[in-house]
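> Provided below are the primary sequence and the corresponding predicted coordinates.
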Amino acid sequence: MNQQKLPNATAVLVLGIVSIVGCCCYGVLGLIAGIVGLVLYKKDIALYNANPSLYSDYSNLNTGRILCIIGLILSALYLVINIIFIAVFGLEAISDQELMQEKLRELLGQ
């Protein structure tokens, strides 16, 4: 029987890579790409489980899922760190380097 590739296996792999790289964009891009990748994974794994002998691209699909999960974790951590950073120092301190140094000195008690 002629095997077909899973329809979204490459897309899941690409979205997994984008989710890891996208965690540097304040975590938002990585979260979006990771979630979309996992939704596409769920659709393809249902196709694969229905008839495993018909599809041949399972390893790319599984690798993409792992990358999406790693990207989601990294993006979520980076987003939480940014939220804590804004809560502690304020939005003004992020844009002004002198104000940031002053707030760090206050925090360290110097």
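Perfect, thanks for sending it.
> Packing partners of the helix or strand of the chain with the lowest mean pLDDT?
Lowest mean confidence among the helices and strands of the chain (mean pLDDT, DSSP states H and E): helix 91-95, at a mean of 83. Secondary-structure packing of helix 91-95 (3 or more C-beta pairs under 8 Å, 6 or more residues apart in numbering; DSSP states H and E): helix 97-108. (Glycine included, C-beta is placed from N, CA and C.)
> Look up phi and psi at Asn8.
phi -110, psi 10 (degrees, to the nearest 10).
> Now the least confident helix or strand of the chain: buried residues?
Neighbour counts over helix 91-95 (16 or more other C-beta atoms under 10 Å) mark Ala93 as buried.
> Run through who's touching it.
For helix 91-95, the external contacting residues (C-beta atoms under 8 Å, 6 or more residues apart in numbering) are Phe85, Ile86, Leu99, Met100, Lys103.
> let's see 10 Å
With contact meaning C-beta atoms under 10 Å, 6 or more residues apart in numbering, helix 91-95 is reached by Asn82, Phe85, Ile86, Leu99, Met100, Gln101, Glu102, Lys103, Leu104.
> for the chain, which spans come out with low pLDDT?
Applying pLDDT under 70 to the chain flags the ranges 1.
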